[in-house]
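**Q** Please work out how this folds:
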Amino acid sequence: MSAAVTVIVANSKEVIRLGLRAMLAKSVRIVGESNSGDNLLSLVKKHRPQVLLMDTAMPGESDCFALLKKFAKSFPDMKSILLSAVDNPTYMARAKAAGVSDFLLESVTSKDLVTAIENAASGKVTKGTGAFARICASMAGLPQSATRDAKLTPREGEVLSHVAYGLSNDEIARSLRISVETVKEHVQNLLRKLGVNDRTQAAVWAVRSGLE
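**A** The predicted structure follows:
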């Protein structure tokens, strides 16, 4: 029988941490718990879990996405899953850009949570679940008809899809694995082709053109 997946649970709410502990007790091995982002880095360094199960609303000096950036640099083998109380498309898009394995709501079933953790730990490539999967798919680019009508290249369509979710140039660069300078160039080109003045207007255009 294979060893249980090691997990750190990071959530500001004690009731959620207790619930996760009970939900996961028979399936994974929780090696640490945290209620703040301030001590999470040292906790991860100490226990080196296979999976970090983290709340999107962690208190502390750094938000969850800044923490994910630090973890990706210092602990590249650790997989992350975000747990959220709200169905927030922008958070899901930022999570995708940060390389998380899945984005789940707090209403997730124990079966689906365990499956997500096991998939993440095994390195199995998945498209995520539920709304997160739909967001990831839409970030792959706008419909071909929309990009063709605006004379956007496929890459510019991908960049515009990311812009529509409010991602920064740095987040877009990480998601598409290109340089920030290249992202800036694509953004300027698509603004010119769309005939709009800023990213907000570009995002509105993208949504009206079929971004789901």
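**Q** Can you name the helix or strand that T200 falls in?
**A** Here T200, judged by DSSP states H and E, is contained in helix 199-208.
**Q** helices or strands next to that helix in the packing?
**A** The contact analysis (3 or more CB pairs under 8 Å, 6 or more residues apart in numbering; DSSP states H and E) places helix 199-208 against helix 154-164, helix 180-194. C-beta here means a position set from N, CA and C on the backbone, and glycine is covered the same way.
**Q** residues of the longest one that come out buried?
**A** In terms of neighbour count (16 or more other CB atoms under 10 Å), helix 180-194 has its buried residues at V183, H186, V187, N189, L190, L191, K193, L194.
**Q** now stretch 171-181
**A** E171, I172, A173, R174, S175, L176, I178.
**Q** That one spans what distance, first to last residue?
**A** This stretch, stretch 171-181, spans 12 Å end to end (CA to CA, to the nearest Å).
**Q** Distance from it to the middle of the chain?
**A** 14 Å (CA atoms, centre = their mean, to the nearest Å).
**Q** Show me the contact partners of it.
**A** 65, 94, 96-99, 139, 155, 158-159, 162-163, 167, 169-170, 182-183 (CB atoms under 8 Å, 6 or more residues apart in numbering).
**Q** got it, and stretch 182-196?
**A** With CB under 8 Å, 6+ apart as the criterion, stretch 182-196 contacts 150-152, 155-156, 159-160, 163, 169, 172-173, 176, 197-199, 201-202, 205.
**Q** Recalculate using a threshold of 7 Å.
**A** Here stretch 182-196 makes contact (CB atoms under 7 Å, 6 or more residues apart in numbering) with 150-152, 155-156, 159-160, 163, 169, 172-173, 202, 205.
**Q** Let's have the buried residues of helix 180-194 in CSV, adding distance to R21.
**A** Compiled in CSV, these are given as follows (distance: CB to CB, whole Å):
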residue, distance to R21
V183, 41
H186, 45
V187, 44
N189, 50
L190, 47
L191, 49
K193, 52
L194, 49
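**Q** quick revisit: if we compare the helices and strands packed on helix 199-208, which one ends up closest to S145?
**A** Each of these was scored for nearness to S145 using CB to CB, and the closest is helix 154-164 (10.8 Å).
**Q** ok, and for that closest one, which residues are buried?
**A** Going by neighbour count (16+ other CB under 10 Å), the buried part of helix 154-164 is R155, E156, G157, E158, V159, L160, S161, H162, V163, A164.
**Q** quick one: which of the residues you listed is nearest to P59?
**A** H162 (27.6 Å).
**Q** so what's the closest one up against?
**A** A93, M139, I172, S175.
**Q** out of the residues you listed, who's nearest K70?
**A** Looking across the contacts of H162 and measuring by CB to CB, the closest to K70 is S175, at 17.3 Å.
**Q** And the pLDDT at the closest one?
**A** Model confidence at S175, given as pLDDT, is 94.
**Q** follow-up on the earlier one: would you format the buried residues of helix 180-194 as a markdown table with pLDDT and distance to V86 included?
**A** Listed next are the buried residues of helix 180-194 as a markdown table, based on pLDDT from 0 to 100; distance: CB to CB, whole Å:
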| residue | pLDDT | distance to V86 |
| --- | --- | --- |
| V183 | 98 | 27 |
| H186 | 97 | 30 |
| V187 | 97 | 28 |
| N189 | 96 | 34 |
| L190 | 95 | 29 |
| L191 | 96 | 30 |
| K193 | 96 | 34 |
| L194 | 96 | 30 |
